[in-house]
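Peer 1: Please find the sequence and the predicted model below.
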Amino acid sequence: MTSADFRRVALSLDGAVESSHMGAADFRVGGKIFATLASESQGYGNLMLTQEQQAMFVEEEPAVFLPIAGGWGRMGMTHIRLAMASEDVLTGALRTAWTLRVDKNGKARRTKSVTQGTMTNRALRKKN
């Protein structure tokens with residue numbers, strides 16, 4: 001796979017758009033990043049995963065996945081070696097990162113809605 005394949009697959013996911021972060025292509029859903037090509041020159045795509053998801057991917061496909069060095073990697077950010085990835089593996093990995101972001105976006109909206117409702121109710125009680 002190549003960075004062009006990474007871009008094509010990422011943009012095929014529902015609601016995904018390409019943007020830029022610190023001069024590198026990133027892929028977002030609901031305005032939040034789920035993947036980047038920040039390490040494109042080294043032959044990697046980057047995935048925003050949980051630590052558990054990262055561990056599973058690295059264990060199952062150590063030739064394809066590795067944690068990003070340092071603190072980002074300890075938080076679940078993961079390289080995918082594009083040249084070593086099949087279409088199915090790349091698609092599954094990007095879909096996993098996309099799903100995680102969609103789920104987080106939904107949870108954030110629900111939490112914000114509940115919080116706003118609670119604040120409104122408190123304000124109403126104070127008025128009365």
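Peer 2: Yes, it's here.
Peer 1: avg pLDDT for stretch 60-77?
Peer 2: Averaged over stretch 60-77, pLDDT sits at 97.
Peer 1: same question but for stretch 33-44, I mixed them up
Peer 2: pLDDT averaged over stretch 33-44 gives 97.
Peer 1: so how far is the first residue of it from its last?
Peer 2: Stretch 33-44 has an end-to-end distance of 16 Å (C-alpha to C-alpha, to the nearest Å).
Peer 1: now swap in stretch 32-40 and tell me
Peer 2: End-to-end distance of stretch 32-40 (C-alpha to C-alpha): 20 Å.
Peer 1: Stretch 56-73 too?
Peer 2: Span of stretch 56-73 from end to end, C-alpha to C-alpha: 14 Å.
Peer 1: Could you do stretch 45-61 as well?
Peer 2: By C-alpha to C-alpha, one end of stretch 45-61 lies 15 Å from the other end.
Peer 1: Going by neighbour count, which residues in that stretch are buried?
Peer 2: The neighbour-count criterion (16 or more other C-beta atoms under 10 Å) identifies 45-49, 53-54, 57-58, 61 as the buried residues of stretch 45-61. All C-beta spots, glycine's among them, are computed from the backbone N, C-alpha and C.
Peer 1: Checking the residue positioned nearest the centre of the chain next. Helix, strand or coil?
Peer 2: In the chain, the centroid-proximal residue (C-alpha atoms, centre = their mean) is residue 34; its distance is 2.0 Å. At residue 34 the chain is in strand, as set by DSSP: H, G, I helix; E, B strand; the rest coil.
Peer 1: any idea how far it is from residue 78?
Peer 2: Residue 34 sits at a distance of 12 Å from residue 78 (criterion: C-beta to C-beta, to the nearest Å).
Peer 1: what sits in contact with each of these two?
Peer 2: The contact sets of residue 34 and residue 78 overlap at residue 47 (C-beta atoms under 8 Å, 6 or more residues apart in numbering).
Peer 1: tell me the phi and psi of residue 62?
Peer 2: With angles defined as degrees, to the nearest 10, residue 62 sits at phi -60, psi -20.
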